[in-house]
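Novice: Build the 3D model from these lines:
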Amino acid sequence: MAKTTAEHHGFPWKHLIGFVLSIVLTLFALWVALYTDLSVTWILIIIFGFAILQAALQLLMFMHVTENSTSSNLTSRVQIGNILFAAFVAIVIVIGSVWVLTAGHAKHDKHDEPKTENHGGSHDSEEHGSH
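Specialist: Alright, predicted model coming up:
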């Protein structure tokens, strides 16, 4: 007990290191997205990799996942279940968001294609021709 109270009175080096590493990972992801000539697929793979690293880093540095607890075995199982459920929810949100955004762009790109069905005249000439 004396050790935990002594840790709270000192400088939070663990939190500072976690914060700085999170910023560095974010800046690396930004640099990859803006200043490399990689394909979009590789940029997304690298950004997702940095995001997974950052999530693990934040769990270890800020959420105290690795701290030993004096609680029962049931409590540790519940904590592991909560972590797995949170990871599942995060993965579903990220994959769902990417799916929705890419599906929206695919539909939007389809509308930008030139129409080749109407060879007899354009829609604009029909509107302005009869007044």
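Novice: mind listing what's buried in stretch 38-45?
Specialist: Residues of stretch 38-45 classed as buried under the neighbour-count rule (16 or more other Cβ atoms under 10 Å) are residue 43. C-betas here are computed from N, CA, C, even on glycine.
Novice: That should have said stretch 31-39, apologies.
Specialist: Neighbour counts over stretch 31-39 (16+ other Cβ under 10 Å) mark residue 32 as buried.
Novice: mean confidence score for it?
Specialist: When pLDDT is averaged along stretch 31-39, the result is 94.
Novice: Okay, helices next: where are they in the chain?
Specialist: 2-9, 13-35, 40-61, 73-111, 123-129 (DSSP state H).
Novice: which helices and strands sit right next to the longest one?
Specialist: In this case it means helix 73-111. Judged by 3 or more Cβ pairs under 8 Å, 6 or more residues apart in numbering; DSSP states H and E, the packing partners of helix 73-111 are helix 40-61.
Novice: in the helix it packs on, what counts as buried?
Specialist: For helix 40-61, the neighbour count (16+ other Cβ under 10 Å) marks 43, 46-47, 50, 54-55, 57, 59, 61 as buried.
Novice: And that helix, what does it pack against?
Specialist: Helix 40-61 is packed against helix 13-35, helix 73-111, with contacts defined by 3+ Cβ pairs under 8 Å, 6+ apart.
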